[in-house]
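> My questions concern the predicted model and sequence given below.
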Amino acid sequence: MNLPKELRLANRWLVTRNDKIPRYVSGLPRSGQLGTAEDLAQLADFNFAVNSLNPNNPFLGFALIAEDNIVFIDLDDVLDEHGCFLSEDVHTLVDKAYSLGAIHIVTGKQI
């Protein structure tokens, strides 16, 4: 998996399924007061989350916590069949993200 080291080291990992409801690695939906000690204690490290994937919860998720100062930008359908941006606006946005300190951008594939 092509993920930044900073994300792999964070204990913020979840699992999910096609319904996109974040779930703790136990399979229970993430709920309650997010970011509390109880919530954070149920988030997993990357390796544990990967090893928790199963047919019921086949996808990884990442819990965004304000204190972490991590921002994700999800851009769908922005590449052509050659991996080039379809729009100059998207290219400008990605360039701006890098100029502001983005450490990694994954395009055109699922992790």
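Yes, it's here.
> low-confidence ranges in the chain?
The chain contains residues with pLDDT under 70 at 1-2, 103-111.
> Going along the chain, name the helices of it.
Taking DSSP state H as the criterion, the chain contains helices spanning 5-9, 37-41, 46-52, 88-99.
> For residue 92, see how far away residue 3 is.
25 Å (CB to CB, to the nearest Å). All C-beta atoms are positioned from the backbone trio N, CA, C, and that covers glycine.
> meant to ask about residue 76, not that
17 Å.
> what's the answer for residue 56, then?
In terms of CB to CB, residue 56 sits 40 Å off from residue 92.
> what do you get for residue 78?
Taking CB to CB, one finds residue 78 at 12 Å from residue 92.
> so residue 85 sits right up against residue 92, yeah?
No - look at residue 85 against residue 92 with CB atoms under 8 Å: they stay out of range, at 9.2 Å.
> Just give me the neighbour total for residue 14.
Taking other CB atoms under 10 Å as the criterion, the count of residues near residue 14 is 22.
> which residues touch it?
By CB atoms under 8 Å, 6 or more residues apart in numbering, the contact set of residue 14 is 22, 23, 24, 25, 30, 43, 44, 49, 60, 61, 62, 63.
> same question, residue 33
residue 39.
> Give me the neighbour count for the residue nearest to residue 27 when sequence neighbours are not counted.
Distances taken as CB to CB, 6 or more residues apart in numbering place residue 57 nearest to residue 27, at 6.1 Å, with adjacent residues excluded. Look at residue 57: counted by other CB under 10 Å, it has 20 neighbours.
> how about residue 57, what does it touch?
Residue 57 neighbours (CB under 8 Å, 6+ apart): 15, 16, 17, 23, 27.
> Kindly state the beta-bridge partners for it.
Counting by DSSP bridges, residue 57 forms beta bridges with residue 54.
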